[in-house]
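Student: just a sequence and a predicted model for now, questions to come.
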Amino acid sequence: MIIGIGKGPLSYFAWKHMSEYVYRPLYPYPLFYDAKRDLLTSKLAYIDYLRRLQVKRNEVKIAVYPDYVLPHESRVNLSLLKSIEFIVPIHSLEKDITIVEELQEMGFKVYYGYASDKR
């Protein structure tokens, strides 16, 4: 199991005291990156999300991949993100498995994530 902690007071605390958990699956921000609020602003918000991820690529280890965005249609150079592992939210097995397969073909390590909302 991987535990990701988004940006906030808890992530700072976990980051500060992380030396106790070096070999445990705890990933506080900035090691774990998810900006869901930003992604919900528009259909093309994923472009800014992925570009911000490119800027933080030396800090981020695991990130949530944007919902419903096929890698070959992303309009962003994903090869710059090769050091990042992605969690792909699964809303529908038929559609979202394609995203996982494309990312894996590009050489990314991918985890399946439970999508708790319908968005």
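Tutor: Nice, thanks for sending it over.
Student: going by C-alpha atoms from here, please, whenever you check contacts or count neighbours.
Tutor: Noted.
Student: where does the protein dip in pLDDT?
Tutor: 1-26, 29, 116-119 (pLDDT under 70).
Student: which parts of it are strands?
Tutor: For the chain, applying DSSP state E gives strands covering 3-5, 26-28, 32-33, 62-64, 85-90, 110-114.
Student: could you say which of the ones you listed is packed most deeply?
Tutor: Comparing these by mean neighbour count (mean count of other C-alpha atoms under 10 Å), strand 32-33 ranks first with a mean of 25.
Student: not counting sequence-adjacent ones, nearest residue to residue 63?
Tutor: Leaving aside its sequence neighbours, residue 63 sits nearest to residue 33 (C-alpha to C-alpha, 6 or more residues apart in numbering; 4.5 Å).
Student: correction: the previous question concerned residue 109.
Tutor: residue 85 (5.0 Å).
Student: the one you found bridge partners, please.
Tutor: residue 62 (DSSP bridges).
Student: ok, it to residue 58 distance?
Tutor: 12 Å (C-alpha to C-alpha, to the nearest Å).
Student: where is the longest helix in this structure?
Tutor: Ranked by residue count and defined by DSSP state H, the top helix of the chain is helix 93-105.
Student: by how many degrees do that helix and strand 85-90 diverge?
Tutor: 170 degrees (axes from the mean of the first three to the mean of the last three C-alpha atoms, to 10 degrees).
Student: what helices or strands is helix 93-105 leaning on?
Tutor: strand 85-90, strand 110-114 (3 or more C-alpha pairs under 8 Å, 6 or more residues apart in numbering; DSSP states H and E).
Student: can you lay out those as CSV showing distance to residue 50?
Tutor: As requested, the helices and strands packed on helix 93-105 are exported to CSV (distance: least, C-alpha to C-alpha, whole Å):
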stretch, distance to residue 50
strand 85-90, 12
strand 110-114, 16
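Student: can you put the strands of the chain in a markdown table and add distance to residue 101?
Tutor: Converted to a markdown table, those look like this (distance: least, C-alpha to C-alpha, whole Å):
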| stretch | distance to residue 101 |
| --- | --- |
| strand 3-5 | 23 |
| strand 26-28 | 24 |
| strand 32-33 | 21 |
| strand 62-64 | 16 |
| strand 85-90 | 11 |
| strand 110-114 | 9 |
